[in-house]
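# just need the structure, nothing else, for what follows:
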Amino acid sequence: MYPRREKKYANEFDHEVPIQRDLRTRSVDVEQSRIQRETDTVIPITTEDEKQAPPVTIDVPITKASTTTSTSIDQHIYKNVDQTVSSPTRTEMSTIQTQDEISQRSSLSSTTPDVDANRVGIFQAHNVSRFWYKEKMSRDDAINILKHQSPGTFLVRDSQGFPGSFGLAVKVATLPPGIQTKANADPNAELVRHYLIERTPTGHVRLKGCPNEPDFASLSALVYHHTIASLALPIKLVLPSNDIAENYRPTTNTNTTNQTKKMNSKELLSKGAACHVVYLNNVDVGSLTGQMAVAKALESTFDHPEQLQTTIVQFKVSNDGITLNDSKKKIFSHHHFPKEHVTYCGLDYDNDRFWTYQYPDLKMLNKAKCFGFVAKKMKESDSSSEENKCHIFAELDPLQPANAIVNFVSKVMIGSVPV
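Below is the predicted model of the structure:
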């Protein structure tokens, strides 16, 4: 019917673009293109007007979708296309969305489920922290609240005896093995058990005295992990859904109690507070001070325990400073360190390290925590220069632990908090 003309091709494109084609050939090509698209992609339901409109194809290679959103995928596909190219039809958008959904599913399946579950669980614990974290609550108030609650209910508060640490009080169903009910004690109150949460040198938190417990990045992380596994606790923690202390009236005034304790500490310092410890070593640390000096002295002390001359001394803290008295006069009889010369007192921050070496002439703990203080020492040859010496000790009395001694020296005598 119509005369055929020669095909001419456009040099700008990779595929041929006939300038004029036979209408019958064009309809066949369109039909084949439609059938091919229906087999390759899912065609959305369209209206009659959309069915009549001829499909427009864009010959742009689509790379394999990555784990980005559909918007970034679209930008990646069309960023090199000439601005004159028309926007994709619903058919092509369906292809893009299908590839994006496949990419997102593969991305989700490639992630570690445990990591996501931990992150969500820690967030949930943090989200209800206002229910379980009671900063200024006393130990007695925590007992009075928890003794009427179901097993697994817990509260976390700031420790009053160990500043910088936290107290965990949890209601248990039965007493842990080896624990017996005290005479004339409230049996429900005895089921409220207490644990100390301490900070590590890296700023993490962990249960004190539990070497099998891991370190946690936050209190919320510690709480969450103990809701899925009891670990060193006798029972799993149960996250609260409401504030069990909302209507509780404290039995004591917290501010009055804290002021009384501060007054007692000052009075105790003026009179002098003393306990017995094991004197292990003294190490010249040069210009080092603070925790670095203590760490260096501890390393030197633990390296050669058999070479040390040790003795049991009375460790007395007063307004005048620190005084060491050796009643047996094994190494010295009396050493005094003026308050202005004592610059730092700190614990051994290696949580897994304890003093276990035993000396035949000393009665020591089988497993003792070490601590030390740094004091200035004037050189005899040059009175204008100073050097520091760190004195290392091991706790001797379980009722006078190393961290209590360090806290007293740091906060009451020196007036600083150990770092």
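# so who does F131 touch?
240-244 (C-beta atoms under 8 Å, 6 or more residues apart in numbering). In short, each C-beta sits where N, CA and C put it, glycine included.
# filter those down to the buried ones.
Buried subset of the contacts of F131 (neighbour count, 16 or more other C-beta atoms under 10 Å): 240, 244.
# for the contacts of F131, please prepare a markdown table with the additional fields distance to Q149 and pLDDT.
Converted to a markdown table, the contacts of F131 look like this (distance: C-beta to C-beta, whole Å; pLDDT from 0 to 100):
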| residue | distance to Q149 | pLDDT |
| --- | --- | --- |
| P240 | 9 | 94 |
| S241 | 12 | 92 |
| N242 | 11 | 93 |
| D243 | 12 | 93 |
| I244 | 6 | 92 |
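# I'd like to know how far the nearest residue to H126 once chain neighbours are set aside sits from D116.
Of all residues not flanking H126 in the chain, S220 sits nearest, at 3.9 Å (C-beta to C-beta, 6 or more residues apart in numbering). S220 sits 16 Å away from D116, going by C-beta to C-beta, to the nearest Å.
# and what of F354?
38 Å.
# neighbour count winner among those two?
F354 (16 against 11; other C-beta atoms under 10 Å).
# what sits against the closest residue to that one other than its chain neighbours?
Nearest residue to F354 in three dimensions, chain neighbours excluded: K367, at 4.6 Å (C-beta to C-beta, 6+ apart). Taking C-beta under 8 Å, 6+ apart, we find K367 in contact with 354-356.
# can you list the residues you listed in TSV and add secondary structure?
Formatted as TSV, these follow (DSSP: H, G, I helix; E, B strand; the rest coil):
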residue	secondary structure
F354	coil
W355	strand
T356	coil
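# Q307: which of those residues is nearest?
W355 (14.6 Å; C-beta to C-beta).
# can you pull the pLDDT of the closest one?
Per-residue pLDDT puts W355 at 94.
# and the one 4 residues further on, by the same measure?
At Y359, the predicted lDDT confidence score is 92.
# how about it: what's its closest non-neighbour residue?
Nearest non-adjacent residue to Y359 (C-beta to C-beta, 6+ apart): T310, at 5.7 Å.
# so which elements touch the helix or strand containing I143?
Here I143, judged by DSSP states H and E, is contained in helix 139-146. If contacts are counted by 3 or more C-beta pairs under 8 Å, 6 or more residues apart in numbering; DSSP states H and E, helix 139-146 sits against strand 154-158, strand 166-171, strand 192-199.
# assign a three-state SS to A221, would you?
helix.
# hmm, T356 is touching K369, no?
No. T356 lies out of contact with K369 (C-beta atoms under 8 Å); the separation is 11.1 Å.
# more neighbours: those two, which one.
Using other C-beta under 10 Å as the criterion, T356 and K369 rank with K369 on top: 21 against 12.
# just give the nearest non-adjacent residue to the more buried one, would you?
Leaving aside its sequence neighbours, K369 is closest to A402 (4.2 Å, by C-beta to C-beta, 6+ apart).
# which ones are touching that neighbour?
By C-beta under 8 Å, 6+ apart, the neighbours of A402 are 347-348, 368-371, 393-395.
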